[in-house]
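Q: Provided below for reference: sequence and predicted model.
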Protein chains: 2
Amino acid sequence: MTDPARIPVTLIPGDGIGPECVDAARRIIEATGVPIAWEEHVAGAEVFKAGLPSGVPQETMDSIARTRVALKGPLETPVGFGEKSANVTLRKLFETYANVRPVREMPGVVTPYSGRGIDLVVVRENVEDLYAGIEYMQTPSVAQTLKLISVKGSEKIARFAFEYARSEGRTKVACATKANIMKFSEGTMKRAFERVAPDYPEIESWHVIVDNAAHQLVKRPEQFEVLTMTNMNGDILSDLTSALIGGLGFAPSANIGNEVAIFEAVHGSAPKYAGKDVINPTAVILAGVLMLRHLGLVEEAAAIEHAIFVTLEGGILTGDVVGYDRGTPTSAYTEAIIGNLGKRTENWTIREVTPLQLPQLDPRPDYVRPASRAVVGLDVFVESPLDAAELGASLMDLTRDTRLSLKMISSRGTKVFPPTGALTETGDHFRCRFIIKENPGDLPDEDVHQVLARISREHTWMHVEKLQEFDGELGFTRDQGEN
Amino acid sequence: MTDPARIPVTLIPGDGIGPECVDAARRIIEATGVPIAWEEHVAGAEVFKAGLPSGVPQETMDSIARTRVALKGPLETPVGFGEKSANVTLRKLFETYANVRPVREMPGVVTPYSGRGIDLVVVRENVEDLYAGIEYMQTPSVAQTLKLISVKGSEKIARFAFEYARSEGRTKVACATKANIMKFSEGTMKRAFERVAPDYPEIESWHVIVDNAAHQLVKRPEQFEVLTMTNMNGDILSDLTSALIGGLGFAPSANIGNEVAIFEAVHGSAPKYAGKDVINPTAVILAGVLMLRHLGLVEEAAAIEHAIFVTLEGGILTGDVVGYDRGTPTSAYTEAIIGNLGKRTENWTIREVTPLQLPQLDPRPDYVRPASRAVVGLDVFVESPLDAAELGASLMDLTRDTRLSLKMISSRGTKVFPPTGALTETGDHFRCRFIIKENPGDLPDEDVHQVLARISREHTWMHVEKLQEFDGELGFTRDQGEN
């Protein structure tokens, strides 16, 4: 069935306006004459409703695992079905660790920033961070989400950002983190970026605090070319950037891994516009352009990009730009782009791209190997109706003859025992920090089990963290007010 | 020493440009004739350098605990001293749970948004969330930060946002969260907001996904009046908003708790401009305006606000606005405002405010009381050089005769055992989910200790979470790929 001369690509029309956008992109791509064999598969709302909590059927998974490339429309998670976004599931199951979100000023799309030549790319880490959605109700009234950031994942995305810049001939890469508050997780990203940067001496690089990055993106967006960051921050800042250039109708997205790449629009399924021939399909068409480049079909990619710019320069604009009462219909817009294939814009630069070199990192699981390590304590998270002083007295009593001693109790990161004289409010959730009495020491698991058993005698705990040292450096942070 | 007719206020000049800004604000406030007795105290760089890791001396703490009101300049955490921001320490130790960040278009300060009448307030939760900086190196190469969000903290900030809107006669309050990805933590904020909203029937309210909020703030900022959110998201979005109106020079901030309120600028200490008489002190002056309102001195507050607007309308602008080569010096700008006290702007509205009613919530620690609860499993986070299949086989073996059975193993939130056919990369950090065999069941701590002891025989674990059910609802999330 498959023509060996044709490149197989998985096509997922998706939900809401997805099929119209994907159809427009497919028709334009085919009009360039590229030899693609589409494998159409489903995912999203209908799959959830059929009872599959992931929203992605095995056939779709198998197709992507085979083709290694997918072009997709937005997927919905219907309320009441499934807990997880099928969009995110696809990204994570195929380890597409880099989310690439280019935005640039488009002809005829007037914004407060028009004329300033915005042309930047957010490179967002795509599989780690809060986005993993690892959550626990610690008590009936305290929720916890884990933010997990790995050294390897951070180096991979940092290196990817520089490689991406190089492949597009860009000269500046910035990294935005909240390392000043989260020295370990966000700091891991910052340090990885700073370690990788010297390998790209032709590229200017700098770090910016993420809240300042949001500020700078509004104040002077033209200063950025490539901006890389962890997943959740990248989610917010990339959506910010798409507003700078006129909205989600022009914002494509590539999810790139070393094995698989998935191309899509940033926008959602916008069900209220579905089937009305009014939506702007440019974002998915531009996702198709990114896909063609990924497949090495750079001339066809450039032809489509030129045709889009020529079309927009000709004043052919969809309803999201000029108002839905007078926008060009989706179908006519698509035809116009097809009609403009072969024409070249004179006023706007279409980038020449060279193949992207994907980072290849040490595959060993123990990516960082400390020369020395020790367990030096334990944080036990306790649910208790007691106040901090009562709880502290009880815990000291229970653990008196163990190898650990209670150092402090905190509430939401603020020390409340021993008392600081502060006005911190507490609830039913306390973090109780025990430190090993020997110095230096390394706590065996039997002693951990003993302390937990002692606490269990009188208290309810729901969460334990070992306190570790690696190469003599503390592997845990102090609390606010902990001197 | 203290004149009983005078209102005591703690004054912290702070670092870098802090003393100049604070001095400008103090002089203008004094020029209105308000009866304030300033208690000047230190915090920040010098304190860190003197060896106090919190950056806040006890005398300063004591003064704030006594006066309950502080006006402060920015505080630096010098590199190599202290782990925590002294700004954050003050907010947390005094339980100033609400961070209020108003921004509005200012006369003469030209931005791409000029003429659109931006006038909005971000109300940010100020003591919970990732900002607590509770971090652990899980393995030598995986960092973790805890995002903790409480029901009570969320209700308090949601209610505060509505009360703040009411006190300023505003008619719209939006809540921005990432509840679609973090159903527990960010979902707690969303649900609290939706529970509280009906108590304010005169105020229009809605929820917006936080990345869309960032997008909307750039695209159509004038749609927002009050926007409330959790701490980290609020950090990013409030810094975004200050760029909409011309920068940090005009962005004041109030940290308000039920006991203490601390007023400051959003900006940092900007050491390179310190002592040069060139900086824009408006943000701290506007923080002073917020402070006077908080103290009930609403006429003096309005007088200063009018004087600032009249000064700006008169074209007296600092270097951050017109360029440092031709900006009005800080001292002359301050004098101009003092000279304009008593004048009223004709073209700009100064809001009339009524006293803010601070929310009073149930003080009991067990804020949510489920009718039933059970421990139904255990997530054990293991550091291992094995692959997922080997680790899975070993864990099944070790726990075979316990009350728990291994359900799955995941890597950064994506299921990797039993295998899904996906391409997920793993490292040395695995989450191993054990579920109780009985149904329904409630796992006693002895069985938890037994399973941990079994795992300890062959593996290294560093983190344990009990899996709980409250009122029959799962208190933990599923993984990506977990059907």
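A: Alright, I've got the coordinates.

Q: Using the three-state scheme, assign residue A:352.
A: With DSSP: H, G, I helix; E, B strand; the rest coil as the basis, the three-state label of residue A:352 is coil.

Q: Surely residue A:114 is within a helix?
A: No: following the definition three-state DSSP, residue A:114 is coil and is not counted among the residues of a helix.

Q: check contacts around the closest residue to it other than its chain neighbours.
A: Distance criterion CB to CB, 6 or more residues apart in numbering or on different chains; nearest residue to residue A:114, sequence neighbours excluded, is residue A:105 at 6.5 Å. Every residue, glycine included, has its C-beta placed from N, CA and C. Going by CB atoms under 8 Å, 6 or more residues apart in numbering or on different chains, residue A:105 touches A:111, A:113, A:114, A:115, A:116, A:117, A:118, A:119, A:245.

Q: Same list (the residues you listed) but as CSV, adding pLDDT.
A: Supplementary listing: the contacts of residue A:105 in CSV, determined by pLDDT from 0 to 100:
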residue, pLDDT
A:111, 95
A:113, 97
A:114, 96
A:115, 95
A:116, 95
A:117, 94
A:118, 97
A:119, 97
A:245, 96
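
Q: which of those tops the neighbour count?
A: residue A:245 (24 neighbours; other CB atoms under 10 Å in any protein chain shown).

Q: Backbone dihedrals for that one, both of them.
A: Torsion angles at residue A:245 (phi, psi; degrees, to the nearest 10) stand at phi -110, psi 10.

Q: give me every residue that touches it.
A: In this structure, residue A:245 makes contact with A:103, A:104, A:105, A:106, A:109, A:111, A:113, A:118, A:251, judged by CB under 8 Å, 6+ apart.

Q: And the residues you listed, which is closest to residue B:320?
A: Proximity of those to residue B:320, judged by CB to CB, is greatest for residue A:113, which lies at 20.2 Å.

Q: check contacts around the closest residue to the closest one other than its chain neighbours.
A: In space, and not counting its chain neighbours, residue A:113 is closest to residue A:244: 5.4 Å by CB to CB, 6+ apart. Residues near residue A:244 by CB under 8 Å, 6+ apart: A:103, A:111, A:113, A:118, A:217, A:218, A:221, B:218.

Q: Also residue A:348?
A: Residues near residue A:348 by CB under 8 Å, 6+ apart: A:107, A:309, A:313.

Q: In helices, which of the contacts of residue A:244 appear?
A: Secondary structure assignment (DSSP state H) places A:217, A:218, B:218 from the contacts of residue A:244 within helices.

Q: what bits of the stretch 351-483 of chain A have low per-residue confidence?
A: Per-residue confidence of the stretch 351-483 of chain A (counting by pLDDT under 70) places the weak regions at A:480-483.

Q: list the contacts for residue A:344?
A: In this structure, residue A:344 makes contact with A:306, A:310, A:350, judged by CB under 8 Å, 6+ apart.

Q: Among these, which one sits closest to residue B:49?
A: The closest of the contacts of residue A:344, once distances to residue B:49 are taken by CB to CB, is residue A:350, at 53.9 Å.

Q: The closest one: neighbouring residues, count only.
A: Each residue near residue A:350 was counted by other CB under 10 Å, and the total is 16.

Q: What of residue A:388?
A: Neighbour tally, residue A:388, other CB under 10 Å: 21.

Q: need the contact list for it.
A: Residue A:388 is in contact with A:409, A:411, A:416, A:417, A:419, A:426, A:430, counting by CB under 8 Å, 6+ apart.

Q: Is it possible to get CSV of those that adds secondary structure?
A: Converted to CSV, the contacts of residue A:388 look like this (three-state DSSP):
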residue, secondary structure
A:409, strand
A:411, strand
A:416, strand
A:417, strand
A:419, coil
A:426, coil
A:430, strand
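
Q: ok, for the residue in the stretch 351-483 of chain A that chain B sits nearest to, nearest residue in space, not its chain neighbours?
A: For the stretch 351-483 of chain A and chain B, the shortest gap (CB to the nearest CB) falls at residue A:413, measuring 2.5 Å. Sequence neighbours aside, residue B:132 is the residue nearest to residue A:413 in space, at 2.5 Å (criterion: CB to CB, 6+ apart).

Q: Please apply the same query to residue A:332.
A: Nearest residue to residue A:332, sequence neighbours excluded (CB to CB, 6+ apart): residue A:316, at 7.6 Å.
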